[in-house]
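# Prediction below, plus the sequence it came from.
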Amino acid sequence: MTASIRIKLSIMMFLEFFIWGAWFVTLGTYLLRNLGASGTQVGVAFLTQSIGAIVAPFIIGLIADRFFSAQKILGVLHLAGALLLWRASSAPDFGSFYPNILTYMVLYMPTLALVNSISFRQMQNPQKEFAPIRVLGTLGWIVAGLTIGWLNWEQTNSLQATFLMAAGASALLGVFSFTLPATPPVKQGAQTSIGDLLGLDAIGLLRNRSYLIFFLASIAICIPLAFYYGFTNPFLNEVGMKSAAGVQSLGQVSELLFMLAIPLFFSKLGVKKMLAIGMAAWVLRYVFFAYGNGENNYWMLIAGIVLHGVCYDFFFVTGQIYTDNLAGERFKSSAQGFITLATYGVGMLIGTLLSGRIFDAYQTTPTTHDWRMIWLIPAGIAVAVLLAFLAFFRDQKEPQAAPAEALQDPATPLSQAI
């Protein structure tokens, strides 16, 4: 891979995740403050991510894999996304805001698979070449959060600007995408079934009792995960944290550092211990949030944010590796699609609906909430999932591939790369 292509792919990754981080982190705060939304409506807004994750395989499998080059579809989706984000920024109420953001997420979620596929198709050795490029995406998310904090948009009630910033970056990536290396479709003329699109040909993995336990635990742990995505930023702003979005970027820094350490932990601890530590970190994080505040226990808020690296990497990244090891060569990609559909589709769907209702139930005044109870409920759910996992999961001691082998094969169709 030439230096020119490497630079282009790095810019693509940076912008891809800068766009998402520019508005998604502060979405709950924006809806509550600017549009007067209820907690249930905030949950419904975050539910668009799950809807996008469910719809994405159809868009990719039916269009990108068979008819058009990936970089051209990426460009069109981001140009359309720029318009939708701009429209969302001027919506006067939740009723007019929601259709724009729903349509946007249906278009954005497929781009996560597209940027990966464009990258993989240019690489001779993805295991070594992908990580240095993908890390630019995490950096893009961090820069977006730091920018919001530096410009004081949360304190000055200017979060409408986050959508305009994301729209500008989306337009830039849309135009830039047409300069990316050509990535033609890989299944021209091929027939694609619904099972192929959703990864359902990997459903046979559930005959493995341990994998079934892991699969159910993955869905269940995404329920408390939805609380974090939807209500952490409103919580931090309500308890008085300054530049909350910028401080939240510490979670991505933690994610990056623990990601680099995954191979060492994986070889030392094994699958069951790593998955259990990941779930235990969710419990600890929510306990920190429940008892933290902007004064004496401020350190608890910071600790809860920094735990994101353990929460995400030890459970979700380890789970992807575990899935990859069990799937076998034939079903590696479809198995990843299957687990993603279950977690970000089904699990997050349940979690976003539940978290919004709980947020509304523990509203004490028009501007304050009983955050201790709001956070102890997902902590309790995470404890239940952890205990059930420890009781029933048995590590079958399958041959373990190196974590890098969980990366997507560059020859795999986009519909299976989600």
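Structure received. Predicted, not measured: the structure shown is a model, and the values here were computed from it.

# Find the nearest non-adjacent residue to the most centrally placed residue in the chain, please.
In the chain, the C-alpha nearest the mean C-alpha coordinate belongs to Y344, at 7.7 Å (C-alpha atoms, centre = their mean). Sequence neighbours aside, A53 is the residue nearest to Y344 in space, at 4.2 Å (criterion: C-beta to C-beta, 6 or more residues apart in numbering). C-betas here are computed from N, CA, C, even on glycine.

# I'd like the distance between the one you found and R6.
29 Å (C-beta to C-beta, to the nearest Å).

# Kindly report the same for L353.
Taken as C-beta to C-beta, the span from L353 to R6 is 42 Å.

# where does the closest residue to I350 other than its chain neighbours sit relative to V306, distance-wise?
Nearest residue to I350 in three dimensions, chain neighbours excluded: I223, at 5.4 Å (C-beta to C-beta, 6+ apart). Going from I223 to V306 by C-beta to C-beta gives 22 Å.

# same check, this time on E16
Taking C-beta to C-beta, one finds E16 at 24 Å from V306.

# more crowded one of these two?
For E16 versus V306, neighbours defined as other C-beta atoms under 10 Å are more numerous around E16 (26 against 18).

# nearest spatial neighbour of that one, skipping sequence neighbours?
Among residues not flanking E16 along the chain, V115 sits closest, at 5.0 Å (C-beta to C-beta, 6+ apart).

# Could I get the full set of helices for the stretch 201-350 of the chain?
209-238, 244-248, 250-291, 298-306, 308-312, 318-340, 348-361 (DSSP state H, counting those that start in this stretch).

# Distance to I101 and mean pLDDT added to the ones you listed, as JSON lines?
Formatted as JSON lines, these follow (distance: least, C-beta to C-beta, whole Å; pLDDT from 0 to 100):
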{"stretch": "helix 209-238", "distance to I101": "13", "mean pLDDT": "92"}
{"stretch": "helix 244-248", "distance to I101": "18", "mean pLDDT": "92"}
{"stretch": "helix 250-291", "distance to I101": "22", "mean pLDDT": "89"}
{"stretch": "helix 298-306", "distance to I101": "25", "mean pLDDT": "95"}
{"stretch": "helix 308-312", "distance to I101": "23", "mean pLDDT": "89"}
{"stretch": "helix 318-340", "distance to I101": "21", "mean pLDDT": "69"}
{"stretch": "helix 348-361", "distance to I101": "13", "mean pLDDT": "92"}
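
# now for those, which one comes closest to G75?
For G75, the closest of the helices of the stretch 201-350 of the chain is helix 318-340, at 23.8 Å, according to C-beta to C-beta.

# Quote the end-to-end distance of stretch 305-315.
16 Å (C-alpha to C-alpha, to the nearest Å).

# should've said stretch 311-322
Across stretch 311-322, the terminal residues are separated by 16 Å (C-alpha to C-alpha).

# more neighbours, A53 and R6?
Neighbour count, other C-beta under 10 Å: between A53 and R6, A53 has more, with 23 against 16.

# Return the residues in contact with that one.
The contact partners of A53, taken as C-beta atoms under 8 Å, 6 or more residues apart in numbering, are 109, 340-341, 344-345, 348, 418.

# Mind picking the two most distant members of those residues?
M348 and I418 (14.3 Å).

# pLDDT weak spots in the stretch 101-250 of the chain?
Applying pLDDT under 70 to the stretch 101-250 of the chain picks out residues 126-127, 186-202.

# Work out for me the element the residue nearest to E16 sits within.
Secondary structure from DSSP states H and E places V115 in helix 94-120.

# and that helix, which residues are buried?
Using 16 or more other C-beta atoms under 10 Å as the test for burial, helix 94-120 gives 94, 97-98, 100-120.

# tell me what it is packed against?
With contacts taken as 3 or more C-beta pairs under 8 Å, 6 or more residues apart in numbering; DSSP states H and E, helix 94-120 sits against helix 3-24, helix 39-59, helix 70-89, helix 126-150.
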